[in-house]
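**Student:** could you work out the structure for the sequence below:
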Amino acid sequence: MQAIKIGIVGVGNCASSLVQGIEYYRDKRPEQAIGLMHWEIGGYRPCDIEVVAAFDIDIRKVGKDVSEAIFEPPNCTAVFCRDLPKTGVRVRLGRILDGVADHMQSYPGARTFLPSDEQEATREEIVSTLRQSGAEVLVNYLPVGSEEAARFYAECALDAGVALVNCIPVFIVSDPEFSRRFEAKGIPIIGDDVKAQLGATITHRVLTDLFRKRGVELEHTYQLNTGGNTDFLNMLNRSRLSSKKESKTEAVQSVAAERIVDENIHVGPSDYVAWQNDNKVCFLRMEGKLFGDVPMNLELRLSVEDSPNSAGVVIDAIRCLKLALERGQGGVLHGPSSYFMKHPPQQETDDDAYRMTESFIHGSGAPGDPSSRA
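**Tutor:** Numbering: from 1, shown residues only. Purely as a prediction, here's the structure:
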């Protein structure tokens with residue numbers, strides 16, 4: 001089968017895990033494919049994905065082959081596939097806009113080295129690169145809070161006729177105007193804000209749903225997260241966090257038996273701990289009442305490597321977009337968006353989202369299932 005050609009915006013830790021994973025699974029057999037939700041989607045394996053374009057604004061990465069750039073600082077995620085072949089694709093200088101928080105320059109270990117003499121890419125140059133490279137899917141890995149930059153690259157995808165998977169909590173796919181424009185052009189999209197393979201949000205959702213199904217009233221809950229990658233450092237600027245908190249909070253609220261009073265739920269990033277690197281630690285507490293109004297509480301600590309946790313989902317989202325392109329289906333892929341993302345246009349329970357996604361993949365969705373329209 002022909003490769004699925006992708007472009008990447010933001011060659012950080014998440015991009016590193018994705019690119020490593022494409023090569024890591026190349027010589028694996030299905031029974032060896034640990035860590036994948038799907039070995040094949042529409043006949044496409046992970047190794048059938050090819051990076052043909054990449055954009056970043058850190059001069060330590062710009063100009064380098066993608067296979068080298070993913071290991072440049074401040075990237076600090078786990079290296080599980082070091083010996084990568086050259087891709088022949090060099091990282092191009094993108095557009096900064098609000099993609100870098102001012103305070104990042106105060107942390108030498110994670111400082112972003114911005115271009116000086118070089119001019120940032122124009123919208124026309126980025127669109128031209130996507131077209132000439134043959135990219136079919138654009139993966140948005142920009143930092144949290146990159147509102148202007150995320151919309152800029154979404155516009156580039158529209159101009160270039162490229163499908164989009166929006167991995168960050170800027171509301172592109174869940175914006176009715178943006179989704180309408182992608183649908184009008186027959187371009188499929190998945191978003192917003194990737195839901196990790198087994199991370200804090202999906203765990204919190206499953207437990208909240210369990211409370212609901214077992215008749216336990218959930219009265220108070222918090223989810224506190226710490227990490228040492230540049231994503232957590234970026235989020236020290238609380239002004240960049242509004243959409244992130246909304247995305248994570250609504251992902252939990254949407255599966256509760258009744259909406260939890262705002263003051264009784266706290267879901268969001270908490271602090272930057274440099275030595276944790278790409279390891280993310282979640283502290284989760286849930287307080288409720290059982291039969292007879294008898295109180296109970298649950299506490300959980302979850303430790304995961306953040307970026308591979310993301311890549312395991314994005315690698316499926318890319319392949320679902322490829323299926324939609326082959327079927328001539330544009331606009332929001334509702335099933336995959338609900339299953340893979342924290343803030344989809346329409347929230348579904350995880351069971352329903354799983355069912356809708358499987359129906360989409362196999363082309364056998366039930367009548368009226370918006371994810372199965374072809």
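
**Student:** quote the end-to-end distance of stretch 59-75.
**Tutor:** 13 Å (Cα to Cα, to the nearest Å).

**Student:** tell me how far it lies from the chain's centre.
**Tutor:** Counting by Cα atoms, centre = their mean, to the nearest Å, stretch 59-75 is centred 20 Å from the centre of its parent chain.

**Student:** and stretch 194-205, by the same measure?
**Tutor:** 11 Å.

**Student:** who's in contact with it?
**Tutor:** Contacts to stretch 194-205, defined as Cβ atoms under 8 Å, 6 or more residues apart in numbering, come from residues 35, 37, 167-168, 221, 223, 225, 248, 251-252, 254-255, 267, 280, 282, 284, 300, 302, 304, 306, 309-310, 312-314, 317, 339-342, 350. (Glycine included, C-beta is placed from N, CA and C.)

**Student:** just the buried ones from those?
**Tutor:** Among the contacts of stretch 194-205, those classed as buried by 16 or more other Cβ atoms under 10 Å are 167-168, 221, 223, 225, 248, 251-252, 254-255, 267, 280, 282, 284, 302, 304, 306, 309-310, 312-314, 317, 339-342, 350.

**Student:** in helices only, show me those.
**Tutor:** Counted as lying in helices by DSSP state H, out of the buried ones among the contacts of stretch 194-205, are 248, 251-252, 306, 309-310, 312-314, 317, 339-340, 350.

**Student:** let me know the closest of the residues you listed to T208.
**Tutor:** Distance to T208 across those (Cβ to Cβ) is lowest for V252, with 5.5 Å.

**Student:** so who does that closest one touch?
**Tutor:** Counting by Cβ under 8 Å, 6+ apart, V252 makes contact with T201, H204, R205, T208, T221, Q223, I260, I265, V267.

**Student:** how many neighbours does the fourth one have?
**Tutor:** Applying other Cβ atoms under 10 Å, we find 24 residues neighbouring T208.

**Student:** per-residue confidence at it?
**Tutor:** At T208, the predicted lDDT confidence score is 98.

**Student:** that one and Y141, how far apart?
**Tutor:** 28 Å (Cβ to Cβ, to the nearest Å).

**Student:** ditto for the first one
**Tutor:** As for T201, its distance to Y141 is 18 Å (criterion: Cβ to Cβ).

**Student:** neighbour count: those two, which is higher?
**Tutor:** A direct count of neighbours by other Cβ under 10 Å for T201 and Y141 places Y141 higher, at 27 against 21.

**Student:** who's in contact with the more buried one?
**Tutor:** Applying Cβ under 8 Å, 6+ apart, the residues near Y141 are I8, V9, G10, V11, G12, C14, A15, C167, I168.

**Student:** any idea how far P115 is from it?
**Tutor:** 19 Å.

**Student:** and what of D48?
**Tutor:** Taking Cβ to Cβ, one finds D48 at 34 Å from P115.

**Student:** ok, these two, which is more surrounded?
**Tutor:** D48 (20 against 14).

**Student:** wait, that one touches I6, no?
**Tutor:** No: taking contacts as Cβ atoms under 8 Å, D48 lies outside contact range of I6: 10.8 Å.

**Student:** can you give me the helices in the chain?
**Tutor:** Using DSSP H, helices in the chain cover 13-24, 66-69, 123-133, 147-160, 176-184, 200-213, 230-234, 242-253, 306-327, 334-340, 350-362.

**Student:** out of the ones you listed, deepest packed?
**Tutor:** helix 334-340 (a mean of 28; mean count of other Cβ atoms under 10 Å).

**Student:** how far does that helix sit from its chain's centre?
**Tutor:** 12 Å.

**Student:** what do you get for stretch 52-72?
**Tutor:** Distance, centroid of stretch 52-72 to centroid of chain: 19 Å (Cα atoms, centre = their mean).

**Student:** what does stretch 349-368 give?
**Tutor:** 20 Å.

**Student:** now swap in stretch 254-264 and tell me
**Tutor:** 24 Å.

**Student:** and that stretch, which residues are buried?
**Tutor:** With burial defined by 16+ other Cβ under 10 Å, the residues of stretch 254-264 counted as buried are S254, V255, A256, I260.

**Student:** and if you look at stretch 286-306?
**Tutor:** Buried, per 16+ other Cβ under 10 Å, within stretch 286-306: M286, E287, G288, L302, V304, E305, D306.
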